[in-house]
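*Asks:* could you look at this predicted model? Sequence included:
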Amino acid sequence: MAIEQELPQDLLMEILSRLPVKSLLRLKSVSKYWFSLIQNPSFIHLHHNCSKKKDCLVVMRHRNDCDGNLILSSVPDKTPTHDLFESFEGLNLKDVNLIASSNGLFFLAHFYKPKFVICNPATKEFRILPDPFHHARHTSHLGFVFDPNTKDYKVVRVATLYESDLTPYDAYDSPYVASDKDLLQEIPIDEKVHRYDLSTDCWRKVDAGVPKYLPSVSSYHFRNSLNGVFYWLYPCDYPMIIGFRVLDELFEEMPMLDISWLDCFPCTLCTMNDSLALVVQMCRIEPAEEFFDFWEKKEEDMSSSNWLLKGLDNLCSGTLKF
């Protein structure tokens, strides 16, 4: 009698959800039933929840000295020789950068052109995304996130439009690439927001009002995402956190810590234990020492500025993700 006939589906899913991805890939060939079960979105979601309880994978990014290709190595390795991309046939990794990761998927972007790739190092599968609608050469912000509401992976691109982008040429094949110096001499005339859904493999325009201060944010990509929301710091006279909610397609503002001296110290935004967190690099003159303060956001409400200072003993059981 087949195993799937002996075990209830819920029990079988519970057992399989605890296995690593490489084992699941081998088990997909057991039967058509197992193949469809492992491919089922509900099982994938269950497997992801189980994987979150395990130790996370730390990835080190560097470049091949010979061809300049991107190399990603898992840590802890004594030597960074194991390239997570070594078996990706047909994937050109020259002039690309790792933008973000989510649930084991990596999002890559070309340095000079609006070309993007989503890849899975565990399954050795990758997808080259179709070209975005607009040909603007300067991508000011990129984000890659898993949306728990739709159980789908999404990419958000904010492109800054300059006057030179209106010239009639093929931006993808043109040898001309605008440098940062060239762009500084131009005045941005518009901002375009596009969203890509992995389930449909297509882009669509987003009618979101882009904040007027967005182009001046130094971060090229959204480094942090949580529960379908992108977050990044906006350094200005009154520091704040900017959020883009994928489900509602809205930009939001969140007040920072209500501390007068906060703008005097370097701050880094991250996630910790499924919460937004702020790492502040502090220093003391007497006695001379440097240390870190960890502040955790108590609610997801963007209008709230309720933060909780966490001690080092509270961080031992958590995982910081930058």
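*Replies:* Yes, it's here. Model, not experiment: these values are computed from the prediction.
*Asks:* tell me the domain boundaries of this protein?
*Replies:* 3-51, 57-129, 130-255, 257-322 (automatic domain parsing).
*Asks:* confidence score at Asp95?
*Replies:* On the pLDDT scale, Asp95 is placed at 70.
*Asks:* where does the stretch 201-322 of the chain dip in pLDDT?
*Replies:* Judged by pLDDT under 70, the stretch 201-322 of the chain has its weakly predicted residues at 212-223, 234-239, 257-266, 282, 284-291, 299-305, 311-322.
*Asks:* can you pull out the strands in it?
*Replies:* 202-205, 224-226, 229-234, 240-245, 250-255, 267-272, 275-284, 289-297, 307-310, 320-321 (DSSP state E, counting those that start in this stretch).
*Asks:* figure out which of these is closest to Arg127.
*Replies:* Among these, strand 202-205 comes nearest to Arg127, with 11.9 Å by CB to CB. Where C-beta positions appear, they are placed from N, C-alpha and C, glycine not excepted.
*Asks:* so what strands line up beside that closest one?
*Replies:* If you go by DSSP bridges, strand 202-205 pairs up with strand 190-197 (antiparallel).
*Asks:* buried ones in the strand it pairs with, by neighbour count?
*Replies:* Residues of strand 190-197 classed as buried by neighbour count (16 or more other CB atoms under 10 Å): 191-197.
*Asks:* okay, the residues you listed in a markdown table with distance to Trp203 next?
*Replies:* Output for the buried residues of strand 190-197, formatted as a markdown table (distance: CB to CB, whole Å):
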| residue | distance to Trp203 |
| --- | --- |
| Glu191 | 16 |
| Lys192 | 11 |
| Val193 | 11 |
| His194 | 5 |
| Arg195 | 7 |
| Tyr196 | 5 |
| Asp197 | 8 |
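*Asks:* from the residues you listed, which single one is nearest Trp295?
*Replies:* Nearest to Trp295 out of those is Val193 (CB to CB; 29.5 Å).
*Asks:* my read: the closest one touches Thr160, true?
*Replies:* No. In this structure, Val193 is not within contact of Thr160 by CB atoms under 8 Å, at 11.0 Å.
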